[in-house]
Structure formats: C-alpha cells, structure tokens
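Chemist: Quick check, what structure comes out for this input:
(chains A, B, C and D)
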Protein chains: 4
Amino acid sequence: MPQTANPALIEDLVIANHILVNEGVLDGFGHISVRHDRDPGRFLIARSMAPGLVTAQDIVACDLDGQVHDDRGYKTYLERFIHSEIYRARPDVMSVIHSHSPAVIPFGVTGARLRPICHMSGFLGSQVPVYEIRQTAGESSDLLVRNQALGKALANTLGACNVALMRGHGNVVVGTSIQQSVFRAIYTESNARLQSEAMRLGEINYLTPEEAQATAEMNDAHIGRPWEIWKKKAQQNRF
Amino acid sequence: MPQTANPALIEDLVIANHILVNEGVLDGFGHISVRHDRDPGRFLIARSMAPGLVTAQDIVACDLDGQVHDDRGYKTYLERFIHSEIYRARPDVMSVIHSHSPAVIPFGVTGARLRPICHMSGFLGSQVPVYEIRQTAGESSDLLVRNQALGKALANTLGACNVALMRGHGNVVVGTSIQQSVFRAIYTESNARLQSEAMRLGEINYLTPEEAQATAEMNDAHIGRPWEIWKKKAQQNRF
Amino acid sequence: MPQTANPALIEDLVIANHILVNEGVLDGFGHISVRHDRDPGRFLIARSMAPGLVTAQDIVACDLDGQVHDDRGYKTYLERFIHSEIYRARPDVMSVIHSHSPAVIPFGVTGARLRPICHMSGFLGSQVPVYEIRQTAGESSDLLVRNQALGKALANTLGACNVALMRGHGNVVVGTSIQQSVFRAIYTESNARLQSEAMRLGEINYLTPEEAQATAEMNDAHIGRPWEIWKKKAQQNRF
Amino acid sequence: MPQTANPALIEDLVIANHILVNEGVLDGFGHISVRHDRDPGRFLIARSMAPGLVTAQDIVACDLDGQVHDDRGYKTYLERFIHSEIYRARPDVMSVIHSHSPAVIPFGVTGARLRPICHMSGFLGSQVPVYEIRQTAGESSDLLVRNQALGKALANTLGACNVALMRGHGNVVVGTSIQQSVFRAIYTESNARLQSEAMRLGEINYLTPEEAQATAEMNDAHIGRPWEIWKKKAQQNRF
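Modeler: The predicted structure is shown next:
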C-alpha cells in the first residue's frame, strides 16, 4: 500500500511522471511504475490519469496479478499487465515505463531496427525486439496489453533486453531504478530521432556490441546528473 | 443564442480554442464549433478572430444556413459553411474543427494517403478523403469554403468519415463532442508527423481496419484523460 | 528622425521585431524596417542590435543612400542597403524584412524552387527569385549586402516579387505595411517547412497562379487576425 | 584557483553554460571551459554536474595535466582531458566546448561531411575532421576521452580547425573567447540541421573557401549581438 512505501520513492515516482511529460516521452497517456520497496510482489503506479497531473496522493499499489490494493478504491491503468508481468519475469527490474514516445513509433512499424548510434544509448545493446500483438491477440485487437496473457507475451518478447518496441503502439523500457528507466526512456527517444536523421545521410557506423556495453555501464555511474536538471525543468514548467 | 446555451459548453469551447493553439493544431487561423445544446439547427463558434484570444464573450450562434444570430451584431468566420453544411449532413456530429494543422498539409497536396499508423489514430479508419475545391470552384478560387455550395461539396467528400483533407488548405475533423473532435485533431496531426517519418524508413505495417475500429472505440472511453492535461498546459501558457 | 515619426508606427516596428524573433524568423540577427510615414525618402529601423532586444528608443531614421540621421549618433546595420535600395526601386513597398529564416535557407542553396503549397502563402506568386551575390561581389565576399551596388543588385533580383532568397545567407520579404511583411515572412518560413516535407511524399499539386493571386488578396483582408495573437505571444514571452 | 580569476570571466562562463542548454547544444551533459585569465596553464570549468545548474560557486581550476586545484576538494568531469590537451596544443584557444549537440551526431557516424552552408557558419572552414576513438582506444571503449593519451589524439585530429566531430559521441568546438566558442557551437548545430535538410532537396552550393574565411572574420566582429539575446532568453527561462 502506498502509505507504507518509502515516501522518497513515491516522490521520485511523481517527479518521474512529470519529467517524462516535460521531455516529450509521455503525453496524456503512458505510465511509469516502480517496484514496491517493502514488497517485491507489488509495484507502485499512478491511478488511471494523465501522467502530467499525478501527485503523491494518486499513487496506488498493484500486485503481480494486476490487482490494485488501495483503501480508497482507486483503479489504475488497463495496461497494468505490462508492468506486472515484466516484474514477475524480471526480478532485476525495479522500474518500468510504457510510452508512446513519438520518434520510436516508426521503428515499430517498419523493418528498420533501432540500434545505438551514440554513447548515450549503449543500453539499447545489440537487440531491440519488436512486440507484435497480433501473434497473441489476432488481427482485430485494440492493441492494449489488457490481460495477463498479453503481458506475458510482451515480457517474453522483452526477454533480457532493456527496451522493446510495440508495433503500432509504443515501447516499454525497464531499469534497476526510477532514475535509470527515465534516463533510458529519454535517450531511447533521442536515439530514434538521431538514427532516423542519420539513415538519410548514409551508412551508419553504430556502436560495436562491446562499446554499447561499456558505455551503458559508464552512463549508469552518471545517471544522477541529468536527473537534477530534468527535475528542475519540470518544476519550472509547473508540473 | 449564446446566452441560452449551457455555460459549461461555452466554457469547453473556449478552452478547446486555446488547447488547439497550444498543441500546434491552430495558429492565428482556424476554428472549432459545437452544436447548440438546445437547438440542433444551430452551432456555437467564435466571432471572426484569432482562436488563441477567444473568450466566452466572443461566442456567437449560427444557423445551418450560415446566418449568425447575435444581438451584438458580431460576425463569424467566412468559412462558417464548413460547419453549417457538415452539421446539416451529419446529425451524429456535435463538433467540427477546421485547421491548417501543419503536418497534414503535405498529405493533401501529394498522392500519399494518410492512414492510421498507431492505436491513437484508429479513428482515421480505412479512408481519409481529400477535398479538391477545384472540382466545384474552378482553377482560380481563393480556396475558402465561402458559401453553401462549397460547404455541401466538402460535406459530401467527408461522407461518413471523421477526417477530410482539403488540398492546399488544411483539414476538417468531426466528433460527437468537443473533447472527441479535439482529441482527433491533435492525433491527426501526430499521425501525419509519424507517418511521414516512417515512410522514409521503409514499408509501413498500418493498423488493420479491424484494429482501427477497435482502437477508436477504446480511445473514446479515455478521452477525458488527455483533455485535463491539455487544459492545464493551455492555462499555464496564459491563454 | 524617429521623434517625428508616428509613435504608433514605431511601436508596431518594435513589436514586429519581437514577433519575428518569437516566431522563429529572426534569431540574434536580421532586421525589419518601415518607410517613414512623413518622408518616403527615409525608413525607420533599429540601430545595430539583436532584434529581440529592440525598444522604441533604439529606432533610427535612415535615408535611401544608407545615411543614418540620428541626433544621438546611433548607427544601424551594415546591411541597411538591402532596405534603402528596395525602398528606392519599389515605391509600393512600405516595409522590408531581412532574415536568416531557417527552413528557407535550403531553397537558396539548391536547385529546388520555393512555390506556394497552400493558401496562406499565395503571396509567393509564380516566382521566388534567388539572389546570387557572386555575380556582383565575386567568389570571396562575406556575403553581406554592405554597399549600394550590392543593394541595387538585390533589388533588381527581387523585381516586382514579394520575396527573394539570398544564396547561402537568407531572404528578403517586402510588404505594403509592417503587418503584411511580418505575415509574409512567417508564412514564407512555414511554406518552406511544408514544401520540404511534401517533396519527400511525392509530386506536389501547387496552387495555380490564379489561386496564388486570389488567396494573396484574400489573406490581405485578414492580416490583423494573426497579428493580435503573435503580439500577445511575444509579450507573454517577455520581449 | 577560481577566487583569483576575473569574476566577470567566471560570470560569463556560468552564463555560457546556461545559454548552451537553453539553445539546445547541451542537455544534462557536456561542458564549456575558458582558459584562466591569470595563468595560461590552467582553465576554468564547472565541477562534475549538469551544465544547466552551474553557478559561480561551482567553477574550479584545472591544469593542463588534468589536475583540479580546488580548496574545497571539488572534482570536475572525467573528460577534462578534452580541454587540457586542446589548451596545450593550441595556445590560440581560449575556450573549449564539448557537447552532444544533436543535429551534429549524424555527421559523425556517416560519410556525410559537415560543410558551411551559409554565412553564419563560415568558421567551419574547408574541413571538419572526425575523431575516431577506436584508433586509439580500440573497439570496446566507453568512448570517453578519459585520459591524456585520448585527449592528445583528439587535439591532434582537431589540428588547426575550429570544430571536430567525435564519432558516436558528439563534437568539440574552440574559440578565442567564451562568446566566440558559444557562437560557433550554436551555429555548428544550426548548420547541421540546415545541411541535412538541404541535402534532401538536391546538390548544395556551399560557401567557397574564400567566402567561408571572409564570413568567419565578418561574424567575429558581431559576436556580441546574439550573446545579449541568448543571455536574456536563458535568464528568462530561469537558469
């Protein structure tokens, strides 16, 4: 339950919602969650609302079956199964972001593969898988990950990766902390923009797999640096 | 007459004007209307002015022949016939937006067809028709829908669709509420941006017609969510 | 001298400087002038400074030979000859803007021709000439229109047109009022963005010459509408 | 030590940090330095932090071996060797900027060469070299210039140029003052955007080498003009 979670964690989750809106990763839709600090079988997430408006009062706890536990009777997002099934499949994951991050959408609907073009996005690694919901839900779904089966299929596509694209929908990004998942979501969007642009200029010299790994590890040591300015900017824009 | 219309409806119409400017759908031109809640033969629209400056005092009532009924003698836009003729032809339509939404213009002047690239824009359906004013007004018009005949031709092109492009001019979007038409106008612009980008990356895997319909219905249940953040952002920018 | 010019004209000139910065036409460089309301042989322009910082106290008068007449000894831009020679050659012109408007630059350095893609930019007409300074200044100039001979060559290239591009430099836009030249400068930039985008989608169906003329005349009747919102936005951004 | 450096120089360095963030050259990463006004063997730079948050209290002095000299025990960026080795190799250089300036990244990872497309970027000259860190650090580095050897290799690639790209990483820009390096960093980004766009329209008519040199010299005489508006804009955005 949110009242028993670390208040500092809830505060970071609220700020993360605002940062992701302010940096153009989320608009009126999308969500970020963090695994509950006292119960690995639960995660914290906002109730069903626009992420730019989330406050600490709007955070609820949800278990890995997708059941919300909230004294006030709040509900959360239909697509909570994105979060619950990834937390179930990936004990290493502490934060999950689902967004419609705009520059990434084109990579999910074409044959172009998203790959790390610079050192900020080494976490993309050697593979960014694409989740095709038609394989599970058929040809006439509403594309939402609205139940456990669809969540499991998505978690399966994600595998051990940090990012998976969702065809015609958006993407999911995971991290070992709120700060890391936010960093990755912002630089996934950035990488998509840069890669699209570079593909028009010619053949791209991508990071080698070893460079991708080395830069990812290096960046993990500096994740606090951009967090501070993203936070300041979001606050100045009065989120 | 506006004084007899529901004040909450007028307030939403004013906010919608500001949202559409703040989200980049309207600039100094374009307009949104809503069908009068007490008289289906009339609609509410701002007088002839920049949409970003509209207040409740600027709303007038107009009938389906394009006649303004206003005690103060206010006029409205020359292109009011876009609205009047669509309300006449489409009893299901409760709100109409005409914009010069920038990313959409290129689709109206080339052979490229606007199609739903992701679940937010399923409402585009399987067809987005293009209105060619030359077929009615000839080769030397000023492109404005400035009379009933041109309005009827546009309504005829729109047919049962939610969106129609206007060659060399802009587009028209309809909905069953102000909130729905605003949602559709914003995501029409978004879809155009994403589709242009994706077309450069390769062959696009669009939504199937069934997916388009299912996602459109699903989104209709969540239209209030982005409205709240769009409203907050417009107000913060002091419109 | 500025003190004898109509204060309302000077105020509009100051606001126009701020609008053009706020709308992305000018950055730290570029300038707008207006013909003096009491002396057609002089024009009003800011002294040599960033246009976003211009106040009424910074406006000076300059004659058609490029001589500044200012009791305070202020100087104006090196490129004042763009203005003086166009005012000399074109008695119909009341306002001149020189900018490095970004989307337009690519059309000045390639074979692509800027043409009116929609009704807002009918004023581009059937021809937007490109000024090649190498024809007058040779292959090693600094590209500035820094004397009368270069100004005359530019005015000659402009001819009776409303807009001329300057290769590797920017463009010049003229109008019969400050409001009209500002309108044209903003929609020249807009047209360039839209046309670049549309050229990637396929063959463009441009306005016919007759449509261009009809839309230009029609827009002239509505130039006050966007001016009010551009002014409000510039003021809100505290220029 | 910063307390002995000219306070006006420190103030300019702080403002330059904020300007570069506000103009989109820096995000949460990147840095600008200036050579110490009383000791050419040292330079001033912020401690390891987001540039948008830098204040005068955060400036430290660093020598050309990359040793920080600070009574408070502050550290600076890992990549300080970019700065130290360029100051060592180039006595003419008084300010260095390292950024991940987004539009420039694609030119560092493809065969496309960055060249001056307009008079604002004549300082790019006839060659913008690309630094390939693999030649010194091998195929599995984290791409950071984290020691003297890598800094020397980068300085060697830069040679007598004003700008060098860093493959998969960003770029470095140098100048004879803070104002000049800021000007060059902003217009390097601008040139990349314009050149990418123009390359899609057709063959580009670039500045001749003589025009590049003449425009670079001319712009050096006007560097104070945009600085004032960039400063005002950064301050208005509350950096």
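
Chemist: so where is chain A shaky, pLDDT-wise?
Modeler: Chain A contains residues with pLDDT under 70 at A:1-3.

Chemist: near chain B, which residues of it?
Modeler: Within chain A, the positions adjacent to chain B are A:21, A:27-29, A:48-53, A:100, A:102-103, A:105-107, A:109-112, A:139-144, A:167-170, A:196, A:199-200, A:237-238 by C-beta under 8 Å from any C-beta of the partner chain. For glycine as for every other residue, the C-beta is placed from the backbone atoms N, C-alpha and C.

Chemist: repeat that with 7 Å
Modeler: A:27-29, A:49-50, A:52-53, A:100, A:102, A:105-107, A:109-112, A:139-144, A:167-169, A:196, A:200, A:238 (C-beta under 7 Å from any C-beta of the partner chain).

Chemist: List the buried residues of whichever strand or helix holds A:Gln213.
Modeler: Using DSSP states H and E, A:Gln213 maps to helix A:209-220. For helix A:209-220, a neighbour-count test (16 or more other C-beta atoms under 10 Å in any protein chain shown) marks A:Glu211, A:Ala212, A:Gln213, A:Ala214, A:Thr215, A:Ala216, A:Met218, A:Asn219, A:Asp220 as buried.

Chemist: do stretch A:16-30 as well
Modeler: Buried-residue list, stretch A:16-30, by 16+ other C-beta under 10 Å: A:16-23, A:25-30.

Chemist: what sits against the residue of chain A positioned farthest from its centre?
Modeler: Using C-alpha atoms, centre = their mean, the residue of chain A lying farthest from its centre is A:Gly202. It sits 30.1 Å away. Contact analysis of A:Gly202 by C-beta atoms under 7 Å, 6 or more residues apart in numbering or on different chains lists D:Thr110, D:Gly111, D:Ala112.

Chemist: Format those residues as JSON lines; extra columns: secondary structure, neighbour count and distance to chain A.
Modeler: Shown next, in JSON lines, are the contacts of A:Gly202 (DSSP: H, G, I helix; E, B strand; the rest coil; neighbours: other C-beta atoms under 10 Å in any protein chain shown; distance: C-beta to the nearest C-beta, whole Å):
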{"residue": "D:Thr110", "secondary structure": "coil", "neighbour count": "20", "distance to chain A": "4"}
{"residue": "D:Gly111", "secondary structure": "coil", "neighbour count": "11", "distance to chain A": "5"}
{"residue": "D:Ala112", "secondary structure": "coil", "neighbour count": "17", "distance to chain A": "4"}
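
Chemist: For chain A, which segments count as helices?
Modeler: A:7-22, A:80-89, A:105-109, A:134-137, A:148-158, A:178-201, A:209-220, A:224-236 (DSSP state H).

Chemist: Any chance of the ones you listed in a markdown table with distance to chain D as columns?
Modeler: Formatted as a markdown table, the helices of chain A follow (distance: least, C-beta to the nearest C-beta, whole Å):
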| stretch | distance to chain D |
| --- | --- |
| helix A:7-22 | 11 |
| helix A:80-89 | 26 |
| helix A:105-109 | 16 |
| helix A:134-137 | 33 |
| helix A:148-158 | 25 |
| helix A:178-201 | 4 |
| helix A:209-220 | 3 |
| helix A:224-236 | 2 |
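
Chemist: Compare those and give me the one nearest B:Gly151.
Modeler: helix A:105-109 (35.0 Å; C-beta to C-beta).

Chemist: For that closest one, name the packing helices and strands.
Modeler: Applying 3 or more C-beta pairs under 7 Å, 6 or more residues apart in numbering or on different chains; DSSP states H and E, one finds that helix A:105-109 contacts strand A:163-166, helix B:178-201.

Chemist: what packs against the longest one?
Modeler: Read it as helix B:178-201. Secondary-structure packing of helix B:178-201 (3+ C-beta pairs under 7 Å, 6+ apart): helix A:105-109, helix A:178-201, helix B:7-22, strand B:95-99, strand B:170-175, helix B:224-236, helix C:178-201.
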